[in-house]
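J.: okay, here's the prediction I keep looking at, along with the sequence it came from:
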Amino acid sequence: MSDIVQRLKAAQDAVARAAVDMGRQARDVTLIAVSKTMPEEAILQALEAGHRVFGENYVQEAKAKWPALKERFPDAEVHMIGPLQSNKVREAVALFDAIHSLDRDSLAKELAREIARAARAPTLFVQVNTGEEPQKGGVMPGEVDGFLETCRIHHGLAIEGLMCIPPAEEPPSPHFALLAKIAARHKLRGLSMGMSADYEAAIQLGATHVRIGSAIFGPRG
């Protein structure tokens, strides 16, 4: 068994255990194996071991890897977890099964237009900037209510849930709790939160999707 497969199995077991410890079903939490910057041969190891949900940060990188991989593994899902430029929306809608980084009106407008044109609708998460960091994407917490209304009513988008990336220097749990509170207020089921270092805390606070990369694929170059 390769190192990647061993680490993948350990991550799958840990995620399932964390869910069960909170009285949830293991299937309630989706493990997104973050394969950004990883070569196809590394991703193939995880695919051949049976894993099917992956995360990428860049449209062009995903476009170079995933069409061929999906031909071999048509049930694989690829999630866009990085910032999305409006001029990449057509490619993103074609490539990705879910987009976790919807964070502005111009992007919502382009997504709505392309979803209508392509008759293909990725699952959508609104990214919330829970730490209100100026260098980071995401809707400010106080603006989420209005943004969700705009997405739903003005653009006709179906929003599955919310996503956040807490500030690196702060404890993550208050940010996860804030995201969960906002989601509950809007009856949103999806909570994309938690990465390799803090996914257990995220699961405790209701995460439905955790994004784990280095704990599976090892350090990135």
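T.: Sure, I can see it.
J.: remind me what the longest helix belonging to the chain packs against, helices and strands.
T.: Among the elements of the chain assigned as helix by DSSP state H, the one spanning the most residues is helix 3-21. In this structure, helix 3-21 makes packing contacts with strand 30-34, helix 40-48, helix 199-204, strand 209-212, helix 214-217, judged by 3 or more C-beta pairs under 8 Å, 6 or more residues apart in numbering; DSSP states H and E. Backbone N, C-alpha and C define where each C-beta goes, glycine included.
J.: can you rerun that using 7 Å?
T.: If contacts are counted by 3 or more C-beta pairs under 7 Å, 6 or more residues apart in numbering; DSSP states H and E, helix 3-21 sits against strand 30-34, helix 40-48, helix 199-204, helix 214-217.
J.: which among those is found nearest to residue 4?
T.: Nearest to residue 4, of all these, is helix 40-48, at 4.5 Å by C-beta to C-beta.
J.: so which elements touch that closest one?
T.: In terms of contact count using 3+ C-beta pairs under 7 Å, 6+ apart, helix 40-48 is assigned the packing partners helix 3-21, helix 59-72.
J.: just name the most buried of these.
T.: Across the helices and strands packed on helix 40-48, the average number of neighbours (mean count of other C-beta atoms under 10 Å) peaks for helix 3-21, which reaches a mean of 17.
J.: what comes into contact with it?
T.: The list of residues contacting helix 3-21 from outside it, by C-beta atoms under 7 Å, 6 or more residues apart in numbering, reads 25-26, 28-29, 31, 33, 42, 45-46, 49, 51, 199-200, 203, 210, 212, 215-218.
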